[in-house]
Structure formats: C-alpha cells, structure tokens
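Q: predicted model, plus sequence, below.
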Amino acid sequence: MDFFLQISVSGLMVGAVYSLIALGFVLILKATGILNLAQGELLLIGAFVCWALLDADLPLWLSIIVTLAIAALLGLLLERFLLRPMIGQPLISIMMMTIALSVVLKAVAGIVWGSEPRSYPSIFPLSGIELGPVSVSTQMGISCLIALAAVAILSAFFKWTKLGLGMRAVAEDPQAARATGVRIKTIFSAVWIISAMIAAIGGFLLGASSGLGLHLGGLGLKTLAVVLLGGLESIKGAILAGFIVGVAENLAIGYIDPFLMDHGIRGAGIGGTFTYIIMMLVLLVRPYGLFGQKRIERI
Amino acid sequence: MRLPEGIFNTSYAKDTAIIRTRWQWFLFVLLLILLFTLPPLFGNRHQLQLANIIGISIIAVLGLNVLTGCAGQISLGQAAFTAVGGYTAAAFAVKLDLPFWLAIPAAAIVAGLVGLIFALPAARIKGFYLAMSTLAAHFIILWVVKIIPDITDGINGMRVPPPELGGFSFDTPQRLYFLIIPIVIIMAFLARNFVRTKVGRAMIAVRDNDLAAEVMGVNTFKYKVLAFTICSAYAGVAGALLAYNHKFVHPDSYPLMDAIWYLGMLIVGGMGSVSGAILGTIFIRVLNDLTATELVPFISDTWPSMSAEVAASMGPLTFGLILMLFLIFEPRGIIHRWELFKASYRLWPFAHAPGGR
C-alpha cells in the first residue's frame, strides 16, 4: 500500500508538469486550430537556453527572465515567418510545417549543445519531504508547485485580462471575434508567444528535476496523450488529464516493469510507451476526451 | 491527361496505356537500360549503397502516397510498419529458414495485417486524431517488438542472412541492387496503375470530399482501411529489403524520424503523384548524402572546433529547412514545377493554349 501511495504521489508531481506542457498545446490548438507538434522541441530549446545562462554564472532569477524573453521572441518569429504563410493551406501541410520546425529546432539544439546529457547545477535542495508514509524529493515538490502556479496564472489570464478574453473569443468563432474588433493576427502572435514561454518553463522544470538532453524533445509528443484525454481544446481538461496520465504512467512503470523483468524481458520498459497506449485507448473509447466537444465527425 | 499536339488516341488500348508515344517508349527503355547498367558498372560502393537506400525509400514513400496522396489520410506510423516488415522477413529467414521470395511477400502481408488492425480505429477519425493514433501506433508496435523476444530476439536484434537465389547470394551492395531495383519497378508500376482502378478513384473521392463520396455510394470506411492496409504492405516490402540491406534488425533502427523523412520526401516530391514520390525521395536522399559527404567536411575544415555532433545534426537540419521552404513556396512539390515547365515548353512561344485549354 505504501508503494502504491508513493508512486501515485510522485505520479501527481510529474502530472503537474505534464498539465503545464499540455497547456502549451491546448492554447495554440484552441486559438489557431493548429496542433503544434514542435511543442516538445520548444521545451527543449527553453531548457537548454536556461541551462546555458546558468552555466554562464547568471543568477537564477535573471536566467529565468532572460529565458522567458528569448522564448517569447522565438514564438513571435515562428508564428510570423513560418505559420502565418500557411494560413489557408490544407491541414497536412500545416502539420508538416510544425513537424519540420521540430526537426530543425532539434537539429539546432544538437549543433549548439551536443547530444551528451547534462545536468542543471543543483538549484533545489536534494533532500526529501516526508508526507506521512510517502516521501517526495524537494525538486519534484517545487517543480509541481511552480507548474501549479503557472497553471493558475494562466487560468486567471484567460478569465480576467482583455488579451485572454480575446483569445477565447477567437477560439470560439474567429469571424465573430473579428467583427467585434479583436485583432486576430495579434491574438495568433500572442498565443504562440505564451505557448513558447509555457514550454520554456516546462523545459526548465523537467531539466532541473530529471536531467537535460535531446530526449526532452520527445516528451512533447508524449504529452499529446494528456491533450487528447483532456479533450483537445479544454484547459481544465488538460489540467485534470495531466494528473491522471502522470499517476497512470507511474503506476504502470511501478507494476508492469517488474512483471516484464520477471519474465526475462529486458530493455522494454513501459515508461516510454504507456502514454501512447493511453492515447490509443482514448481514441478507441472516447476520442473527444473528458471535456471535449462531441463534434468529432464519424463518417 | 493532355497529349502532345498531333497525337490522338485511336483505340481503347491506346487510351488506357501508361506510356503513350514512341518517344516515351524510347525514353522508358533507355531509362531501364541505364538503370541496370550504369550504377552497377560504374558506381562505387558508397554510390550503390545510396542507390539501394533510395530504392527502398521509394517503396515506403509510394505506400505513403497511396494513403496520404490518394486517400488524404496522414500517417506518422510508416517507420513502425517498415519495422514489422523487417522483423517478419528476418524471422522467416532466420527462424523458419525460408527463401527471400517467400519472406518478402510474407513481410508485405504481415505488415498489411498489422496496418489493418491499427486502421480499424484510425479510419473512423480524421485530421489530428489520425496523426495521433498513427503516432501511438509507432511506439506501441516498437514496444511489442521488444516484448516478444521469442520471435524478435528482443533488444538484442537479429542477424539477417543475405537473400539467396539458386546458389547466387545477394551479399554485396552491387548484388543487392539487382534485387532491389526490379522490386522498386514492380511496386512503382502497381502504384501507378492503382490510381486508375475503381479502388484508387474511390480513394481520391474520399480525399477530395468524404461526405460527397459517401453520398455517391463510396464506402469511405472500407476504402480508408484499405488505403492503410496497402500503405503498410508497401512499408512491409520496404522494411524487408531494409533488413536484407542492413543485414541486421533492431528495435532502435526504426526511429520516428524515419516516418517524418518519408512524409517529407512525399511532400517535397508532390503528394498524389507516383513520379513525384520518386523524384522527392531521390532529391531528399541525394541532398542528405551531399550534406554528409560535402557540407560536413567543409564545415569541419573551416571551423575545426565543430565536433562530430554537428555532423549528426546537419542532415536533419537541411532536411527540415528544405521541407519548410517547399511548404511555404511550393506546397505541391517538384512534380508541379515539372508540369508547369512541360506546359510552357509545349506552348512556347505562346503564353496560353489556343482556346484557353
């Protein structure tokens, strides 16, 4: 029972970061209708930039601010020069554009920083926190708190600021939003900027808690399971699904991996695959996810 | 299809022919002769290996062309289906000791069946959902490969013996070339003809407007599933040849990146066209080879501080940039440019055909 609790709690911690990364997908998808498959690579770039700044002996707070600024600039440029020319193109072309972007970003990261794994200087204390029968590493706890804070700030942003309301309006009906004076191009730029910043935070948190390397890019695709389970365009769905997927994945690793080992199957850890199994199950049973709109076409 | 001026179809057989004029026949035969003489006689080992890889990739991209170009569905699972084909061929060759001319069709059938299984849920969904389900399929298939070590030898990988035919062993790149190129020609011929069959036309109807197709009596579900199956079967053949080419199969030799490369080749060449798929594959593969053999040494000579990391990332970088340029400036691919050139060449010195044709 203790084992179950322990891995569930650490699953919740990972889940908070998943929720944050998933929000980056959901934002762009909601406002622009594009599934940005390069989200994982934006995360990777954010993580590496922040690491490079810390490595250059900048204080933590300054590195984070500069990283966010660079991420914002990157988001702005990508939207303006790569995605805006694609408006009106078929879905597959737009999707290939985001895939090409992911390939290029990963290659750039590979050229600049190389493929050997690196680690952040220990920002967070290495000790553990005891919560009754379970213990949580401080790093994970702090990342979880930061992720939750970011999610809360974003929710407030969508509820009360003019820009956030504009984004929701564009997501609801671009034509009507335009008619009421919302500038769609500004909204598109803003959405990409915010998504890139979210990805950078996610990258920093993951890099600080689980090491830095080119593998971080693949986490973006993994998080698609969260996006899908949450219902593609729902913010609260993404948050809830993040926790569900985080816990489910940790439970699968905790219980299925030893089972496989017992049967003499080595090197087939389910950690890299389980979220995709969730993805497949969601698509089979409930393609519109937990909070999605049931307008999926079934022909 | 428009014929050159002065050429008319006078019989049904002429109307349905793929090769229409004497000049085209001449070029076609010349191409075949050159294809079977030039590279094996004058190509070095590296060039022959490149030619083999191009041939194998063409088969995988042709399959993707049926699914994406004809039926309009997106798949990120092509690499995993080549893995299924490769492992089937390897298992048949190693565990059952079957010859290659049974192992390759078996690879096509098994990969097609696996494609069918994943198509059943995927054919009901569209767009992003489909991309996600094929993405999931990629990782699930490669994981399953790892957990059935009785068939696949798990993460150890499997050594594949060279294919043999009556005592002749296809063990060098030069000999493999003579195995791969005929299969490429057969597969390209099938793909070219497929578009003109009832099934192919039905798929194009589904791509252009699935609702209208359904109303006209096309069973969209059936044709989408069929497109997936054919696409995977092509991938299976490509995977089997890839296994023979590398002489080794391993779960890590089929990264998701390969599926992206296949899609990129199709888009650069021009979706929906067999010639486009072939041209795009040749273009991207040759470009990648030039990057590795020319650009990377140039960079490391100019800036010696650049490490081997740069070499590994340079190929994907050029590929990604080329793909972006094509998506922005010529989304219909190389073949569209070629058609434009042909049209203007025929009409020269006029800008338009008489009567606005």
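A: Thanks, I have the structure now.
Q: quick one: low-confidence residue ranges for chain A.
A: A:122-126, A:293-299 (pLDDT under 70).
Q: which residue ranges of it form helices?
A: A:2-32, A:39-55, A:60-78, A:91-113, A:138-160, A:162-172, A:174-179, A:184-210, A:216-230, A:235-262, A:274-285 (DSSP state H).
Q: and for the stretch 1-150 of chain B?
A: B:12-16, B:22-42, B:45-64, B:78-94, B:100-122, B:127-147, B:149-152 (DSSP state H, counting those that start in this stretch).
Q: state the number of residues packed around residue 111.
A: In the absence of a named chain, chain A is used. 19 (other CB atoms under 10 Å in any protein chain shown). Heads up, the C-betas are built off the backbone N, CA and C, glycines and all.
Q: not quite, go with chain B.
A: The burial count for residue B:111: 33, using other CB under 10 Å.
Q: contact partners for it?
A: B:81, B:82, B:84, B:85, B:88, B:232, B:233, B:235, B:236, B:237, B:239 (CB atoms under 8 Å, 6 or more residues apart in numbering or on different chains).
Q: returning to that earlier point: would you list the helices of chain A in CSV and tack on distance to chain B?
A: CSV is the format used below for the helices of chain A (distance: least, CB to the nearest CB, whole Å):
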stretch, distance to chain B
helix A:2-32, 8
helix A:39-55, 10
helix A:60-78, 11
helix A:91-113, 4
helix A:138-160, 22
helix A:162-172, 15
helix A:174-179, 18
helix A:184-210, 16
helix A:216-230, 6
helix A:235-262, 7
helix A:274-285, 4
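Q: backbone dihedrals for the residue nearest to residue A:101 when sequence neighbours are not counted, both of them.
A: Closest residue to residue A:101 apart from its sequence neighbours, by CB to CB, 6 or more residues apart in numbering or on different chains: residue A:38 at 4.1 Å. Per-residue torsions, residue A:38: phi -90, psi 10 (degrees, to the nearest 10).
Q: next one: residue B:89 from residue B:249, what distance?
A: 8 Å (CB to CB, to the nearest Å).
Q: more crowded one of those two?
A: For residue B:89 versus residue B:249, neighbours defined as other CB under 10 Å are more numerous around residue B:89 (32 against 28).
Q: touching, the more buried one and residue B:163? I think so.
A: No - under the criterion of CB atoms under 8 Å, residue B:89 is not in contact with residue B:163, lying 9.0 Å apart.
Q: mutual contacts of the two, please.
A: Contacts common to residue B:89 and residue B:163, judged by CB under 8 Å, 6+ apart, are B:100, B:103, B:244.
Q: of these, which is the most crowded?
A: Result: residue B:244 is most packed of the shared contacts of residue B:89 and residue B:163 (other CB under 10 Å), 27 neighbours.
Q: need the per-residue pLDDT for that residue.
A: Predicted confidence (pLDDT) for residue B:244: 93.
Q: separation between the residue lying closest to it once chain neighbours are set aside and chain A?
A: Closest residue to residue B:244 apart from its sequence neighbours, by CB to CB, 6+ apart: residue B:163 at 5.4 Å. When distance is defined by CB to the nearest CB, to the nearest Å, residue B:163 is 29 Å away from chain A.
Q: what's the spacing between residue B:329 and chain A?
A: 9 Å.
Q: contacts only, for the residue nearest to residue A:101.
A: Contacts of residue A:38 (CB under 8 Å, 6+ apart): A:98, A:99, A:101, A:102, A:105, A:220.
Q: hmm, the last one is touching residue A:21, no?
A: Yes - the pair residue A:220 and residue A:21 qualifies as a contact (CB under 8 Å) at a distance of 6.9 Å.
Q: quick one, which of the two is more surrounded?
A: Higher neighbour count among residue A:220 and residue A:21: residue A:21, with 30 against 25, using other CB under 10 Å.
Q: sorry, back to before: between residue A:220 and residue A:21, which contacts overlap?
A: Counting by CB under 8 Å, 6+ apart, the residues touching both residue A:220 and residue A:21 are A:39, A:40, A:43, A:199.
Q: how about the helices in the stretch 151-300 of chain B?
A: Using DSSP H, counting those that start in this stretch, helices in the stretch 151-300 of chain B cover B:173-194, B:198-208, B:210-215, B:220-246, B:256-269, B:274-290, B:296-302.
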